[in-house]
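> With the sequence up front, the predicted model follows.
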Amino acid sequence: MLSVLPAPRPLDPLTLPGPVWVAAPHPDDEALGCGALLAALAAAGREVRALLLTDGGFSHPGSREFPRARLVAERLTEWRAGLAALGVPPQRTRALGLPDGALERCDPAEVERLARAAFAAAPPATLLLPWRRDPHPDHRAAWGPLTAACAGARVLGYAVWLAERGAGTDWPAPAEARAWTLAVGEHRAAKARAVAAHATQLGCVTDDPGGFTLAPGMVRRALDGPELYFEEIPG
């Protein structure tokens, strides 16, 4: 609901202090929500690191071809391949392996502890993660523990599902957050390769009719951009 969206300003990637960490509740969130920003940062030689919160194993619970253990392994491989397409090497990634679809039932203090341990390799000066009310329970559950784990960092919430599923109250109010926008532009090809790496989410799992598949329209919207970011206004 764009009527409640604060007027966005263009985001200059080079104004973000580094290291920059991107946190993804699920494999593919970062490719869809902020792939162009990650590609721009990497192309400029900035240090970018990535943290995966859940194991991604709940997208196709009825598949026999991809039982959970296989799906978890496949999605981790896809996540790292997608990040590599954006310029983030595997050695700069960390995966917590928390249960997909159940992050809100995890102890927030334990999630914070695990995130702090991951961040210790290179404490973040900027943290990218889904906006606090992005409409998925795992996305919403990530905000509190992760922002607590990197107090003092600049935090930008990226939009994943807001355009498709967000209610008016999910979007930030003008007094709540500053809105930033980033044109996908020259980084569209890299972002498209990153999204394409997530084959399990794009229809390659064919024996679970009730399983999750990214809608083509959502993928087109993510690739065409612009990417949206929200930065809370202190107060």
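All right, it came through fine.

> residues making contact with stretch 174-189?
Identification of contacts with stretch 174-189 by Cβ atoms under 8 Å, 6 or more residues apart in numbering yields 4-11, 13, 35-37, 39-40, 43, 156-157, 172, 191, 223-233, 235. All C-beta spots, glycine's among them, are computed from the backbone N, C-alpha and C.

> Only the buried subset of those residues, as a ChimeraX command please.
If you want just the buried ones from these in ChimeraX, going by 16 or more other Cβ atoms under 10 Å, the selection is:
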select :5,6,11,13,35,36,37,39,40,156,157,172,191,223,225,227,228,229,230,231,232
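
> Mind checking which of the contacts of stretch 174-189 land in helices?
Among these, the members falling in helices (DSSP state H) are G35, A36, L37, A39, A40, A43, K191, L223, D224.

> ok, so of these, who is nearest A125?
Lowest distance from A125 to the ones in helices among the contacts of stretch 174-189 (Cβ to Cβ) belongs to L37, with 14.9 Å.

> show me what contacts A222?
By Cβ under 8 Å, 6+ apart, the contact set of A222 is L32, G33, G35, K191, V195.

> Redo those as JSON lines? Include distance to W180 and pLDDT.
Formatted as JSON lines, those follow (distance: Cβ to Cβ, whole Å; pLDDT from 0 to 100):
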{"residue": "L32", "distance to W180": "17", "pLDDT": "98"}
{"residue": "G33", "distance to W180": "13", "pLDDT": "98"}
{"residue": "G35", "distance to W180": "15", "pLDDT": "98"}
{"residue": "K191", "distance to W180": "17", "pLDDT": "98"}
{"residue": "V195", "distance to W180": "21", "pLDDT": "98"}
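
> from these, which is closest to E78?
Nearest to E78, judged by Cβ to Cβ, of the contacts of A222 is V195 at 10.2 Å.

> host element of that closest one?
When elements are assigned from DSSP states H and E, V195 belongs to helix 188-196.

> Quick check: buried residues in that helix?
Buried residues in helix 188-196, defined by neighbour count with 16+ other Cβ under 10 Å: R188, A190, K191, A192, R193, A194, V195, A196.

> Is it possible to get TSV of those that adds distance to L182?
Shown next, in TSV, are the buried residues of helix 188-196 (distance: Cβ to Cβ, whole Å):
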residue	distance to L182
R188	12
A190	13
K191	11
A192	16
R193	18
A194	15
V195	16
A196	20
